[in-house]
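Participant: Predicted coordinates and the sequence they were generated for:
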There are 2 protein chains.
Amino acid sequence: MYLGSWLSRLCRGLSRPIGKTTQPTWGSLSRSLALSSQRIPELSSFVARTNTCGELRSSHLGQEVTLCGWIQYRRQNTFLVLRDWHGLVQVIIPQDESAASVRKILCEAPVESVVKVSGTVISRPPGQENPKMPTGEIEIKAKAAELLNACKKLPFEIKDFVKKTEALRLQYRYLDLRSFQMQYNLRLRSKMVMKMREYLCNLHGFVDIETPTLFKRTPGVARCYRDEGSRPDRQPEFTQIDIEMSFVDQAGIQHLTEGLLQYSWPDDKEPLVIPFPSMTFAEALATYGTDKPDTRFGMKIVDISDVFRNTEIRFLRDALAKPQGTIKAICVPEGAKYFKKEDIEFIKNFAAHHFSQEVLPIFLNAKRNWSSPFAKFIIEEERLELAKLMEIKEEDMILLTAGEHEKACSLLGKLRLECADLLETRGVVLRDPALFSFLWVVDFPLFLTKEGSPTELESAHHPFTAPHSSDIHLLYTEPEKVRGQHYDLVLNGTELGGGSIRIHDAQLQRYILETLLKEDVQLLSHLLQALDCGAPPHGGIALGLDRLVCLVTGVSSIRDVIAFPKSYRGHDLMSNAPDSVLPEELKPYHIQVSWPTDLEEEEKASATPSNHLNS
Amino acid sequence: MYLGSWLSRLCRGLSRPIGKTTQPTWGSLSRSLALSSQRIPELSSFVARTNTCGELRSSHLGQEVTLCGWIQYRRQNTFLVLRDWHGLVQVIIPQDESAASVRKILCEAPVESVVKVSGTVISRPPGQENPKMPTGEIEIKAKAAELLNACKKLPFEIKDFVKKTEALRLQYRYLDLRSFQMQYNLRLRSKMVMKMREYLCNLHGFVDIETPTLFKRTPGVARCYRDEGSRPDRQPEFTQIDIEMSFVDQAGIQHLTEGLLQYSWPDDKEPLVIPFPSMTFAEALATYGTDKPDTRFGMKIVDISDVFRNTEIRFLRDALAKPQGTIKAICVPEGAKYFKKEDIEFIKNFAAHHFSQEVLPIFLNAKRNWSSPFAKFIIEEERLELAKLMEIKEEDMILLTAGEHEKACSLLGKLRLECADLLETRGVVLRDPALFSFLWVVDFPLFLTKEGSPTELESAHHPFTAPHSSDIHLLYTEPEKVRGQHYDLVLNGTELGGGSIRIHDAQLQRYILETLLKEDVQLLSHLLQALDCGAPPHGGIALGLDRLVCLVTGVSSIRDVIAFPKSYRGHDLMSNAPDSVLPEELKPYHIQVSWPTDLEEEEKASATPSNHLNS
């Protein structure tokens, strides 16, 4: 017997409110849904209505229709606006005595009640058309009405412009899902996933395999669980698109991924241009100070060591004297114009606090005067050379730091993003919200030295990544120099996913696990056996679906693209889960739980006030 | 960082062996895959090969091709057969001295090794064509070869006719997945799921919602987990197709489901005829003795109480004298011919053991003589009436029982299936393997009386099922007589799924939970709140995907339609999971596990012999 828990699923009839929004309008959403497949979906099949609220136009004039929806608002007991997920339509409440019962239902039902209305599609009186409303040329003259469910409680209004805390939204998620934005996000997600499946299964012969979630401890399955705190881009359970192929190389996976994203890209966005640009890890670090560069804007890191070879500025001279010492800088456009003294203080403190580094600001003011605490120590020749290398313009600002390559780059990479945020709060548009800047980052090192134990190696990604074929000989001499056949896909500075060509040779896999990584190979004996049974060369990629949809829709948290997400603390606020379980219920599983006293207090404090349920 | 665990996913290049099989041939599988979508999948996109092994025909003559695949077998160091998932092709090993290196690779690689072969498509010499092989008109004249991975270990041959235990197959699942049958099952499953998604999302505007699995204890989410022993049709985790709709009634959900199955039905089967027949629960019980009748064959239960109103047979007379006493029978076709004395003994023991009931066999032999222990007590009038009611023919057998309606029906329902099995072991074909007999079972009671406590009620399915609108008044007077808006879909005697129209009225839901079922409504306060916020009328259905694919492919266990299933005992034999975890690893979660000593022994005994890993 299968039981369906209806609450954990989204119904087709969920609806959206009217409201001012900068998001794509309703009209464009329904248009893009209709265009997305060869056939227009039959939205009224199998249900009681004849039409959806959103589809009625002048072409329906004179038709007798039956609509089901929610009462959006009512005016003077004369009109009401009925809403379903497809749109809004105006209903005229009959005023004559013979329709008293219909009138009573439509006038007395609270807002957000569910009603069924039958009537005739008529023209609005001349001058009363509403051009902002897709159904604004017509209205429904109601003849019959049925109250399907009265709304007795409404903790917040559905309208987008009514602000509510995220905790309240999550507690009443079933109401929150009626909002235009959540409807748009979840429907877009569903549509993108469907297009991805079409691309993979129908166009390229992939097989959709459900992988088990009850499995040996393993670094990843397609529905993933992560035991760590939530962040705006993380959830305790999340979804990956996991692709595996045989007989493929890195370029093959990259082409596949590009084709997949291009094919599934929403119709209401600019089409994606492929192939995506590619950058080595070393280049990303040197130019952007990170392995996930936001390439929507410049402010690249420049090595200016040569400018200051003969400087008299002490800390620069000292830095260059050290092995691997460098001087690096970024040029912040209009930084001299927009940055205040406290901004500079913030930047300096940030560098000191997070990187124990000094940062030197240099301003070029509107009259092309250089200004800096060290300005007088920078000679004319250095200024000219610096201006040339950094392409500095009037009112720009240079941030300069000195030290070891990786550390200096990492610091400037962070400052680059901090400065971009600051500039944007001052009204400078650096990152076009309509721009989707994809980037492959490739040629990662296969191993890193373990922090605190520099003679030991650990995998940069995972121990199954194949080395570059041209670097294999280095495995036996200088393994830290081996590059992996690993690739990350970055979108607007966010890591969207990553993948690798895997090792298919058992002997090589055993050498890396046992000799280089000092792992217990017994734990992975089934993997080594599988490789020895004629495993094909293979590779793959995993794309974070939640993050992708989050970036595409432009919302700030992946919680807004997941139907029933966990809160920041990993709780489900709607059902109040996780919840405590009675010791008797754990007994059959031979499990005991003993919370430390302080934690228990904390958990209790964070639970819903009135009752701490045992289920 | 996303890590992909390649082992837990099926690669596109997995392959299939040749071998005699009664299953659909390879040719028909690839044909049906090609027909399934508007475009033929591009199976060689993104990979190193130019073609798949299975696609080459006379139309490719003269083409230079590169193939990747597994060595299926080799003959006299002259030919080898190369296999990929798409099919088989014959490769000619070059014999001339200049091709010594190619010859060495192709002659020395063990069977099941992975090779890349380049060469020319040529005609087979006249008379050497193989009409049983789709590529049988051509062969590949090899010019270059590369050993991609040598097969060093092969615990069993991949060929279907080589029998192996299920435990061995599960331990080496990655090899087992190369078999024709597993390839067919998993590819068919993927294709059916894709068609279902097309039907729902593209044709009917459904939204694909991922429901959380970390949630409050709830009777069902779309990936389901069940804490109970495995059976051939059960797994600890399984997959449901979960459909929810608003503004729908029972007929709407039934039509949707019928359309869904018809649309996704495999092309190599007879198309489904819809609508499916429907039967009330009461009728199913009275006619088949079960709520999931196998309607592929007759042997229906007949009430023959009236025949024996004046009988002298004591136990029948006694039975009829009791309130609700009945006499029921089934007619087993050719039972008199095929059933042996020990079969009758088995049937009698079965009835005595499981139902504490007596069963009386009556045979009509070839010369139309009645034979039965009680034959002499059955008068001519009764014989005539019985023959008419039961439509008995020469060499048939009647099984008769007496007692309370439900018990007598349940017994005969079980005996009906036992007799069908027995007849089929004797060579009688009762159930056509090509027949898919769908049936709706409807009008279930909403409540059952609790076993052992007949004044208390429990839900027949779940407490959210809406009552029949015409029975609502009975909720307050005779709730046990209320029928629920619940429907089960049965295929060939297996319950494929079920659903219901849900209660959307909070007051009714509260009354049923609190007053009738004596549940603690606090536990479901979020549900009641949701209903009070204008929840629409809604309903749905959940179909067991594993069972569906199992029945469609005709395999005997759902383990054969799941890529990485658990064993009968719920273990993953490939990775040896579940496994013990060190107390230190559980500490951060405040969990202790203490196995009872006897269980520990049992668990250890069932683990893989050599090592009990701690991970």
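Facilitator: The structure has been received and is ready for your questions. Numbers count the residues shown, from 1 in each chain, chains lettered A, B, ... in the order given.
Participant: what is the residue lying closest to residue A:464 once chain neighbours are set aside paired to in the beta sheet?
Facilitator: The spatially closest residue to residue A:464, leaving aside those adjacent along the chain, is residue A:502, at 4.8 Å (CB to CB, 6 or more residues apart in numbering or on different chains). C-beta here means a position set from N, CA and C on the backbone, and glycine is covered the same way. For residue A:502, the beta-bridge partners under DSSP bridges are residue A:465.
Participant: pLDDT wise, what is the spatially most central residue of chain A at?
Facilitator: Centroid-nearest residue in chain A, with CA atoms, centre = their mean: residue A:547, separated by 2.6 Å. On the pLDDT scale, residue A:547 is placed at 94.
Participant: how about the strands in the stretch 251-400 of chain A?
Facilitator: For the stretch 251-400 of chain A, applying DSSP state E, counting those that start in this stretch gives strands covering A:278-280, A:302-303, A:325-332, A:359-364, A:370-371, A:397-404.
Participant: Now do residue A:363 against residue B:98, distance only.
Facilitator: As judged by CB to CB, to the nearest Å, residue A:363 and residue B:98 stand 73 Å apart.
Participant: quick one: which of the two has more around it?
Facilitator: residue A:363 (20 against 8; other CB atoms under 10 Å in any protein chain shown).
Participant: I'd like to know which elements the longest helix along chain A is packed against.
Facilitator: Longest helix of chain A, by residue count under DSSP state H: helix A:405-425. Secondary-structure packing of helix A:405-425 (3 or more CB pairs under 8 Å, 6 or more residues apart in numbering or on different chains; DSSP states H and E): helix A:281-288, strand A:325-332, helix A:335-338, helix A:341-355, strand A:397-404.
Participant: List the buried residues for stretch A:319-339?
Facilitator: A:319-320, A:325-339 (16 or more other CB atoms under 10 Å in any protein chain shown).
Participant: Likewise for stretch A:41-57?
Facilitator: Neighbour-count burial for stretch A:41-57 [16+ other CB under 10 Å]: A:41, A:43-44, A:46-49, A:51-56.
Participant: repeat for stretch A:360-372
Facilitator: In stretch A:360-372, counting by 16+ other CB under 10 Å, buried: A:360-364, A:370, A:372.
Participant: Now do the residue in the stretch 301-450 of chain A that chain B sits nearest to, the pLDDT please.
Facilitator: Nearest residue of the stretch 301-450 of chain A to chain B: residue A:444, at 10.5 Å (CB to the nearest CB). pLDDT, residue A:444: 97.
Participant: which residues does it contact?
Facilitator: A:281, A:291, A:460-461, A:483-484, A:486, A:488 (CB atoms under 8 Å, 6 or more residues apart in numbering or on different chains).
Participant: Highest neighbour count among these?
Facilitator: residue A:486 (26 neighbours).
Participant: surely that one meets residue A:465?
Facilitator: Yes - with contact defined as CB atoms under 8 Å, residue A:486 reaches residue A:465; the gap is 5.1 Å.
Participant: what's the overlap in contacts for those two?
Facilitator: In contact with both residue A:486 and residue A:465: A:446, A:500, using CB under 8 Å, 6+ apart.
Participant: buried set for the longest helix of chain A?
Facilitator: A:405, A:407-420, A:422-423.
Participant: The helix or strand that it is followed by pairs with which strands?
Facilitator: Next helix or strand after helix A:405-425 toward the C-terminus (DSSP states H and E): strand A:438-442. Sheet partners assigned to strand A:438-442 using DSSP bridges are listed as strand A:278-280 (parallel), strand A:486-491 (antiparallel).
Participant: Compute the inter-axis angle for strand A:438-442 and helix A:281-288.
Facilitator: 130 degrees (axes from the mean of the first three to the mean of the last three CA atoms, to 10 degrees).
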